[in-house]
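> Here's a sequence, model it:
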Amino acid sequence: MRGFLACLCLVALAACQEDTAGPPPAVTMTSSAVGHFCQMNMLEHPGPKAQVHLKGLPGAPLFFSQVRDAIAYLRMPEQSHEIAAVYVSDMGQAPSWDFPGPDNWITADSAHYVLESGRVGGMGAPELVPFADTDAARDFINRHGGRLVALNEIPDDAVLAPVQTATPDGADDGDFAERLRALSKERTN
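Down below sits the predicted model:
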C-alpha cells in the first residue's frame, strides 16, 4: 500500500511539473518545414509565417505559410487538439518581406498585428503582419497602410472569409464560370 501511494504521489508530481514547464519553444524554420494546409516548402513563400504547437506533439509544430491561416486554424471548430503555443514571425526583425527569417519568432498573443495593409502573404491572401514593437508596426502602416490590432481584435472575417485571388493568367476567380463556358463551347465546336 505504501508503495502504491508513493507511486501515485510521483505521478501527481510529474503531472504538476509538466503543467509548470511552460510552453514549448519556437522551432527554427528550415527547408524541411512545410505548410500545414498547402504542404509546400515554407521557405519558398514570402511574408510572415506561423507555427502552432499542439499538446502531446512536442517538437513537431504545424507550420503555416501565412499568419492569417494559423489564426484561422485556431478559430476553426474542427481543430481538435489543445494548443500548447503559437508563434508568429516578428516582421520588425525580418530581413525582408521575401525572407521573414527562420528564428525571429514571437508569441502570437504578444504580437501587434497590422490588418488591412494590402500586403499579401505566401499564399496570395491578405496578410496579418505581426510585430513585437509597436513603433515598427506604425512605420509599416505609414509605408503600406492598415491599422494596428491585438490578436483578440482580429475579426473572424479577416481570417475565415474566402478571398478572391488573381489567377496566373491575370483573370480572377469571379469570371471562372464564364471561362468554363467558353472552354466548353470550344470543345463542342
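
> top strand in the chain by residue count?
strand 83-89 (DSSP state E).

> for it, packing partners?
strand 50-54, helix 67-75, strand 105-107 (3 or more CB pairs under 8 Å, 6 or more residues apart in numbering; DSSP states H and E). In short, each C-beta sits where N, CA and C put it, glycine included.

> looking at these, which is closest to residue 160?
helix 67-75 (5.5 Å; CB to CB).

> Give the buried residues for that closest one.
For helix 67-75, burial by neighbour count (16 or more other CB atoms under 10 Å) applies to 67-73.

> Contact partners for residue 115?
The contact partners of residue 115, by CB atoms under 8 Å, 6 or more residues apart in numbering, come to 128, 146-149, 154, 158.

> does it have beta-bridge partners, and which?
Assessed by DSSP bridges, residue 115 has beta-bridge partners residue 147.

> ok, residue 121 - contacts?
Contact partners of residue 121, counting by CB under 8 Å, 6+ apart, are 45-48, 65-69, 127.

> Burial check on the closest residue in space to residue 110 that isn't next to it in sequence, number of neighbours?
For residue 110, ignoring the flanking residues on the chain, the nearest one in space by CB to CB, 6 or more residues apart in numbering is residue 132 at 7.1 Å. Other residues near residue 132 come to 18 when the count uses other CB atoms under 10 Å.

> Quick check, residue 132 in contact with residue 108.
No - contact criterion CB atoms under 8 Å: residue 132 and residue 108 do not qualify, at 11.4 Å.

> Strands of this structure, start to end?
Under DSSP E, the chain gives strands at 50-54, 62-64, 83-89, 105-107, 112-115, 129-131, 147-149.

> I'm done for today, thanks for sticking with me.
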